[in-house]
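[1] Here is the input, now give the coordinates:
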Amino acid sequence: MKQKICTNTEGLRGMKLDISLRAKNGIDFIISAFLIWLLISTLWTLQFSAYDKSVYTFIIGGILLPLAFLLSKMLKTNWKIKDNPLQPLGLWLNFAQLFYFPFLFFVLINDPENFIMTFAIITGAHLFPYAWFYDEIGYAVCAGIISFGSFFMGLFTDADKIYFIPLFTTAMFLLLSVWLFIY
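    Sure, this is the predicted structure:
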């Protein structure tokens with residue numbers, strides 16, 4: 001059985017609006033990201049090697065999905081919208097960042113002091129397609145600010161103050177959470 005393909009823009013807009021409303025613009029993931037980056041910020045203030053902090057950053061990042069799932073129950077957001085053909089795209093957009101991980105591992109092995117900057121850039125950049133998916137400009141703005149802001153902070157921040165990068169990323173996720181909540 002062939003799936004009907006929507007060719008008019010009103011149908012596409014309607015599907016995007018449906019996802020935006022029922023998933024509440026992904027606010028459960030953004031609040032989860034805020035909490036995780038807050039933990040990561042704290043981690044990067046500790047006196048471990050940059051390599052160890054990088055590995056612990058990965059471990060902390062592993063709780064994103066369970067935390068987002070818990071928040072989705074509290075916020076009453078929908079992860080699966082079975083009657084909307086665009087729904088699987090959200091997951092695919094998230095998986096796209098995994099293809100940047102070889103570069104991230106390269107930085108981890110060869111230059112762990114720049115790991116957190118690289119991780120923040122990838123995290124920020126992966127938000128960009130969600131501006132289209134949810135029809136929410138806040139995602140595009142935060143994607144650019146996090147990615148370029150982290151890059152410039154990495155260029156001009158002393159190694160002992162590198163925790164400012166994850167702290168900056170945390171603040172941007174907080175602002176995006178507020179933005180999504182208000183609008």
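[2] Where does pLDDT dip in the protein?
    By pLDDT under 70, the weakly predicted segments of the chain are 1-10.
[3] in terms of contact, does H126 touch F95 like I think?
    No: assessed by C-beta atoms under 8 Å, H126 is found out of contact with F95, at 9.6 Å. (C-beta placed from N, C-alpha, C; glycine too.)
[4] the more surrounded of these two?
    Each of H126 and F95 has its neighbours counted (other C-beta atoms under 10 Å); H126 has more, 20 against 10.
[5] quick one: contacts for G149?
    Counting by C-beta atoms under 8 Å, 6 or more residues apart in numbering, G149 touches 124, 168, 172.
[6] And L89, by the same measure?
    Residues F133 are the ones in contact with L89 under the rule C-beta under 8 Å, 6+ apart.
[7] Please, which helix or strand holds it?
    Assigning secondary structure by DSSP states H and E places L89 in helix 87-95.
[8] Next, report how far that helix is displaced from the centre of its chain.
    Centre-to-centre, helix 87-95 and its host chain are 12 Å apart (C-alpha atoms, centre = their mean, to the nearest Å).
[9] cool, and stretch 172-183?
    Distance, centroid of stretch 172-183 to centroid of chain: 13 Å (C-alpha atoms, centre = their mean).
[10] contacts for that stretch?
    24-27, 30-31, 33-34, 37, 124, 127, 136, 138-139, 142, 145-146, 149.
[11] Can you flag the buried ones in these?
    Neighbour counting with 16 or more other C-beta atoms under 10 Å marks 24-27, 30-31, 33-34, 37, 124, 127, 136, 138-139, 142, 145-146, 149 as buried within the contacts of stretch 172-183.
[12] Spatially nearest residue to Q87 (excluding sequence neighbours)?
    Leaving aside its chain neighbours, Q87 sits nearest to I81 (4.4 Å; criterion: C-beta to C-beta, 6 or more residues apart in numbering).
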